[in-house]
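A.B. asks: Below are the sequence and a predicted model; questions follow.
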Amino acid sequence: MSTALLEVVRDYLDQHADPNGLAQTPIPGLTIIRTLKPSGLDYAITRPLACLVLQGGKQVMMGARTFTFSAGDSLLITADVPTVSQIIEASPEAPYISLVIDLNPALLTELMEEMKSAPSTEEAPIKIEPTDSEVAEAALRLMRLLDRPASAAVLHASLVRELHYWLLAGRHGSAISRLGWPDGHAQRIARAVKVLRTEFTRPLPVEHLASVAGMSTSSFHQHFRNQTSLTPLQFQKQLRLIEARRLMLGEGATASSAAFAVGYESVSQFSREYRRLFGLPPARDTSAAC
């Protein structure tokens, strides 16, 4: 991994990171993370992304599988999947630092058409490989644009496109190519996932989601589970529980108010499902996190 990229990213973090070590850049879809110590477990339903680790180490768990990666590696997540992640290597002297790029399926589609690439049948939604030098170089040029806002406004789109090209042309190409398959299963399921993410607090019949995806109910159910590892109902439930936990930890909401805010009608049901996902009932979980 380029030491120049680490230095540029470190300088940007010093100027722009918030108290939690997060720096949202002006370039859409480009985020930088710094953590000064090993973290607790972070539960999420992660969007498709590429994470370039520049320093430190991290673990990501999906179901029964655990993925460990460190400086010089790139993590690719190619579907909206439930993950439990944890920073395992970080210190004030050598923080965990990573650069995260949201993957753009429309851009991948355009590039695949120009490259005359066929979509892969690879199903694994998480993949870790050493970062290709071309990817690191494109990321470095993208980061250097941030100090020149006028230039960034004109040039960032072409560099984001180049970054996607090198991801597609390199080690991760087979993993992300299915995201760019026009009207393939990945893009159809993504349409339903978008509805789930924006409307998870209300009842969403699977027939409606299947219609959004342009699939029969049985086909939709099968492909949704293949891609996300969850049924649509489980996916919605995890979105609700993760948001409820955020409300309690981040905004001080009570368990009952958080439960109702995310769409539960029964606090006891909420508590049971919360404990099943996070391992502790709401009150004990939030007090342990404080």
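C.D. replies: Cool, the structure landed.

A.B. asks: lowest-confidence helix or strand of this protein?
C.D. replies: In the chain, no helix or strand scores lower on mean pLDDT, DSSP states H and E than helix 282-289, which sits at a mean of 79.

A.B. asks: now it, how far from the chain's geometric center?
C.D. replies: Here helix 282-289 is found 25 Å from its chain centre; the criterion is CA atoms, centre = their mean, to the nearest Å.

A.B. asks: Now that helix: buried residues?
C.D. replies: Across helix 282-289, burial judged by 16 or more other CB atoms under 10 Å covers Pro282, Asp285, Thr286. To be clear about C-beta, it is placed using only N, CA and C from the backbone, and glycine gets the same treatment.

A.B. asks: what does stretch 93-104 give?
C.D. replies: Buried residues in stretch 93-104 (16+ other CB under 10 Å): Pro95, Tyr96, Ile97, Ser98, Leu99, Val100, Ile101, Leu103, Asn104.

A.B. asks: Give the rounded mean pLDDT of it.
C.D. replies: Per-residue pLDDT over stretch 93-104 has a mean of 96.

A.B. asks: mind saving the C-alpha coords of stretch 30-48 as PDB?
C.D. replies: This file holds the C-alpha atoms of stretch 30-48, laid out as PDB (Å, rounded to 0.1, in the frame of the first residue of the first chain):
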ATOM      1  CA  LEU A  30     -16.000   8.700  -0.300                       C
ATOM      2  CA  THR A  31     -15.600   8.400   3.500                       C
ATOM      3  CA  ILE A  32     -12.500   8.200   5.700                       C
ATOM      4  CA  ILE A  33     -12.400   6.400   9.100                       C
ATOM      5  CA  ARG A  34      -9.900   6.700  11.900                       C
ATOM      6  CA  THR A  35     -10.100   4.700  15.200                       C
ATOM      7  CA  LEU A  36      -7.600   5.100  18.100                       C
ATOM      8  CA  LYS A  37      -8.300   1.900  19.900                       C
ATOM      9  CA  PRO A  38      -9.900  -1.500  19.400                       C
ATOM     10  CA  SER A  39     -13.700  -1.200  19.300                       C
ATOM     11  CA  GLY A  40     -16.700  -3.100  20.400                       C
ATOM     12  CA  LEU A  41     -19.000  -4.900  18.000                       C
ATOM     13  CA  ASP A  42     -20.700  -2.800  15.400                       C
ATOM     14  CA  TYR A  43     -23.900  -4.200  13.900                       C
ATOM     15  CA  ALA A  44     -25.000  -3.000  10.400                       C
ATOM     16  CA  ILE A  45     -26.600  -4.000   7.200                       C
ATOM     17  CA  THR A  46     -23.800  -2.900   5.000                       C
ATOM     18  CA  ARG A  47     -24.200  -1.400   1.500                       C
ATOM     19  CA  PRO A  48     -22.000  -2.400  -1.400                       C
END
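
A.B. asks: Distance from it to the middle of the chain?
C.D. replies: How far stretch 30-48 lies from its chain's middle: 9 Å, per CA atoms, centre = their mean.

A.B. asks: neighbouring contacts of the host helix or strand of Arg141?
C.D. replies: Using DSSP states H and E, Arg141 falls within helix 133-145. Residues outside helix 133-145 that contact it (CB atoms under 8 Å, 6 or more residues apart in numbering) are 1-2, 4-5, 8-9, 12, 27, 30, 50, 52, 74, 99, 101, 151-152, 155-156, 159-160, 162-163, 166-167, 169-170.

A.B. asks: ok, and for that helix, which residues are buried?
C.D. replies: For helix 133-145, the neighbour count (16+ other CB under 10 Å) marks Val135, Ala136, Glu137, Ala138, Ala139, Leu140, Leu142, Met143, Arg144, Leu145 as buried.
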